[in-house]
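Undergrad: generate a structure from the sequence data that follows.
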Amino acid sequence: MKRRIFLGLAPILVLLAGIGIYAIVLLKALGGKIDLTLKENYRSVVAGRQMKESLQAMDSGLVFTLVGETDRGIKIYQQNQAIFAKNLVAEEHNITLPGEQQLADTLRQEFTTYQSEVQHFNEVPEPEQKRQFYFSTLQPLGTKIKDTAQQVIRINEENMLNENQGARSLGNNSSRYLSLAVGIGILASLFFAYWLQRSIVRSLHTLTSVAKELGEGNLDQLVPVASHDEMGELAAAFNKLASKLRAYRQVTTDQVLQARQMTEITLSAFPDPIFAYTLDKRFSFTNPAAERLLAKLNGHLPDMLLPDVENVLRGAPDFLPASFEKAISLRLHGYDLHLLPRIIGMRDEAGNLFGAAMILQDVTRFRLMDEVKTNLVSTVSHELKTPLTSIRMGLHLLLEERIGSLNPKQTELLLAAREDSERLLKIINDLLDLARLESDTAQRTFQKVYPKTLITSVVQDLEPTVEAHGCRLKSEAEADLEPVAVDVQQIRHVFSNLVSNAAKHSQPGSEILIRAKRIGEGIRFSVIDRGSGIPLEYQSKIFERFYRIPGTERGGVGLGLAIAREIVQSHGGTIGLESRSGEGSEFYFDLPLAERKAA
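TA: Numbers count the residues shown, from 1 in each chain. Just a heads-up that it's a prediction; the model follows:
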């Protein structure tokens with residue numbers, strides 16, 4: 001086998017080696033000519049051009065001297081005199097052509113004369129005499145030097161052109177020889193390929209067909225051993241491999257069954273219901289808790305769970321809610337049951353989706369605790385509001401000095417106390433609003449409003465607040481946006497909070513933009529500023545209650561954004577932000593269309 005392959009490939013290898021050696025010699029010859037041309041002629045061309053340019057600049061310096069700018073003219077002349085001298089030396093050390101040495105000597109002689117005449121020119125005191133001397137002596141001499149430099153450029157460029165023609169001729173001849181050699185090589189390759197195909201590829205076809213059967217799971221295939229060469233050894237090794245695969249399949253099948261049994265036993269111990277779905281939305285596994293729940297629900301899960309399951313099965317991100325708003329409530333045997341669904345897509349090692357798992361976490365206890373907390377906050381806030389009102393009234397009477405006059409120190413203390421009491425009242429009112437929103441007892445009046453109309457009225461209401469901070473408030477809305485169903489008063493409260501925050505954190509003179517645009521099946525309202533931005537590590541907590549970014553100035557207590565979130569979520573929307581530190585922020589909330597919300 002090795003000998004047949006070697007005999008089939010040896011002529012091709014010899015031909016390729018010959019073509020390669022000839023190409024290397026050719027490229028070396030062409031490279032040497034090109035390198036020699038660049039080294040010998042191009043340097044002289046560059047030196048000649050720079051001498052002409054520097055001489056022209058020297059002449060300009062003399063003209064500046066004629067018009068009275070002597071210092072500037074001398075500076076230009078001296079700078080370009082050094083450039084001319086440098087390039088003249090380069091030319092003198094790069095003599096490669098007949099007659100080039102004579103031209104270089106002429107340049108040296110003319111340049112020396114030019115320098116001497118310039119020195120005499122600078123010594124002439126009278127401007128009129130200088131002008132006559134320049135036009136009668138220096139200008140003709142400069143023209144003569146330029147002509148000599150141009151002759152240097154011309155003879156070198158002509159030599160470069162001649163060398164280029166020679167290289168092109170050599171390349172054309174070589175292309176013909178290489179084309180002939182390649183044609184011979186192609187014919188030889190076709191002949192030897194046909195010969196190798198008849199002697200080798202037949203056995204490979206047999207191995208390929210058997211390998212395909214093995215790939216499809218048919219491990220009972222055998223390859224006939226027809227010879228004792230390398231192909232025969234390969235066939236024997238292939239048969240041994242098939243035998244090993246059959247044994248491995250049996251062991252792997254047992255291990256998979258054991259792993260499945262262990263997984264089912266483990267999931268059966270979970271107290272929460274677990275459902276595993278196939279891609280056609282059928283149950284492939286349910287643990288005992290799930291079976292008990294299905295028995296209580298007459299074998300059917302609530303329809304409100306199906307859209308999220310279908311989204312995950314279509315490839316959407318996993319459904320992992322972070323709050324109790326997505327929990328479903330069921331009334332079973334006289335008591336309430338609150339279940340929070342978590343849906344995770346099941347994928348293989350290649351990332352292909354083959355099903356989804358849904359866990360219904362029992363959050364009844366946590367929901368009750370959350371309601372107790374909300375009621376406690378509401379009750380405490382109500383109880384604090386009454387004595388706080390009395391305190392505010394007393395402070396007001398003291399500051400009006402109806403009881404008696406106050407000295408400056410007493411007035412300062414009372415003003416600080418009144419400011420803190422007003423701040424405390426705002427906190428209590430925010431807590432009461434938040435409690436009403438969380439308990440879903442807030443009264444809402446929904447009406448259809450076009451986004452452009454909504455943000456226009458918001459700009460009119462909030463423009464004085466923004467201008468008080470030295471900023472400008474603008475609005476922008478896409479054309480033909482469909483209406484949304486909102487409680488206008490509550491949504492204005494959301495805008496007020498977002499815009500006031502943007503004004504506080506924007507530089508005076510900057511612009512704050514309120515924008516409305518279509519996104520998916522809803523409308524996105526955005527408040528965009530060019531302030532300092534919010535660092536990434538704080539963005540996930542910005543909407544939590546009582547959270548304030550470390551290092552910010554004292555203002556509120558961190559309830560404004562939490563209230564805004566509750567209002568938006570009560571409208572069936574979502575709220576978020578996009579921000580980079582130092583580049584401003586965009587707070588946005590998405591609301592469903594009025595028709596979609598009604599549906």
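Undergrad: only C-alpha atoms for contact and neighbour calcs from this point on.
TA: Noted.
Undergrad: isn't residue 523 up against residue 575?
TA: No. In this structure, residue 523 is not within contact of residue 575 by C-alpha atoms under 8 Å, at 11.8 Å.
Undergrad: find residues that contact each of the two.
TA: residue 590 (C-alpha atoms under 8 Å, 6 or more residues apart in numbering).
Undergrad: pull the longest helix from this structure.
TA: helix 139-196 (DSSP state H).
Undergrad: how far out from the middle of the chain is it?
TA: Its chain's C-alpha centre and that of helix 139-196 lie 47 Å apart, by C-alpha atoms, centre = their mean, to the nearest Å.
Undergrad: part of a helix, is residue 349?
TA: No. Counting by DSSP: H, G, I helix; E, B strand; the rest coil, residue 349 falls outside a helix, being coil.
Undergrad: got phi/psi on it?
TA: For residue 349, the backbone dihedrals (degrees, to the nearest 10) come out as phi -60, psi -30.
Undergrad: how much space separates it from residue 285?
TA: 21 Å (C-alpha to C-alpha, to the nearest Å).
Undergrad: give the contact list for residue 286.
TA: 273-276.
Undergrad: follow-up on the earlier one: and residue 349 and residue 285? which has more neighbours close in?
TA: Applying other C-alpha atoms under 10 Å to residue 349 and residue 285 shows that residue 285 carries more neighbours, namely 16 against 6.
Undergrad: dump the residue contacts of residue 582.
TA: 531-534.
Undergrad: which strand residues bridge the nearest residue to residue 452 once chain neighbours are set aside?
TA: Leaving aside its chain neighbours, residue 452 sits nearest to residue 477 (5.8 Å; criterion: C-alpha to C-alpha, 6 or more residues apart in numbering). Under the criterion DSSP bridges, residue 477 forms beta bridges with residue 516.
Undergrad: which outside residues touch stretch 474-491?
TA: Stretch 474-491 is contacted from outside by 444-452, 455-456, 459, 511-518, 523, 567-568, 571, 591-595, 597, using C-alpha under 8 Å, 6+ apart.
Undergrad: for ChimeraX, what selects the buried ones among these?
TA: Command for ChimeraX that selects the buried part of the contacts of stretch 474-491, burial taken from 16 or more other C-alpha atoms under 10 Å:
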select :449,450,451,452,455,459,511,512,513,514,515,516,517,518,523,567,568,571,591,592,593,594
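Undergrad: surely residue 515 is in contact with residue 529?
TA: No. Applying C-alpha under 8 Å, one finds residue 515 not in contact with residue 529, separated by 11.3 Å.
Undergrad: other SSEs contacting the longest helix of the chain?
TA: helix 2-37, helix 43-66, helix 100-123 (3 or more C-alpha pairs under 8 Å, 6 or more residues apart in numbering; DSSP states H and E).
Undergrad: could you tell me the least trusted of those helices?
TA: Sorting those by mean pLDDT places helix 2-37 lowest, at a mean of 64.
Undergrad: list the contacts for the closest residue to residue 340 other than its chain neighbours?
TA: Leaving out its chain neighbours, the residue that sits closest to residue 340 by C-alpha to C-alpha, 6+ apart is residue 327, at 4.2 Å. Each residue near residue 327 by C-alpha under 8 Å, 6+ apart is listed here: 338-341, 363.
Undergrad: list phi and psi for residue 327.
TA: Dihedral angles (degrees, to the nearest 10) for residue 327: phi -70, psi 150.
Undergrad: any idea how far it lies from residue 111?
TA: 96 Å.
Undergrad: check residue 478 too.
TA: For residue 478 relative to residue 111 (C-alpha to C-alpha), the value is 74 Å.
Undergrad: what of residue 68?
TA: Taking C-alpha to C-alpha, one finds residue 68 at 25 Å from residue 111.
Undergrad: check residue 64 too.
TA: Distance from residue 64 to residue 111, by C-alpha to C-alpha: 20 Å.
Undergrad: more neighbours, these two?
TA: Higher neighbour count among residue 64 and residue 111: residue 111, with 21 against 18, using other C-alpha under 10 Å.
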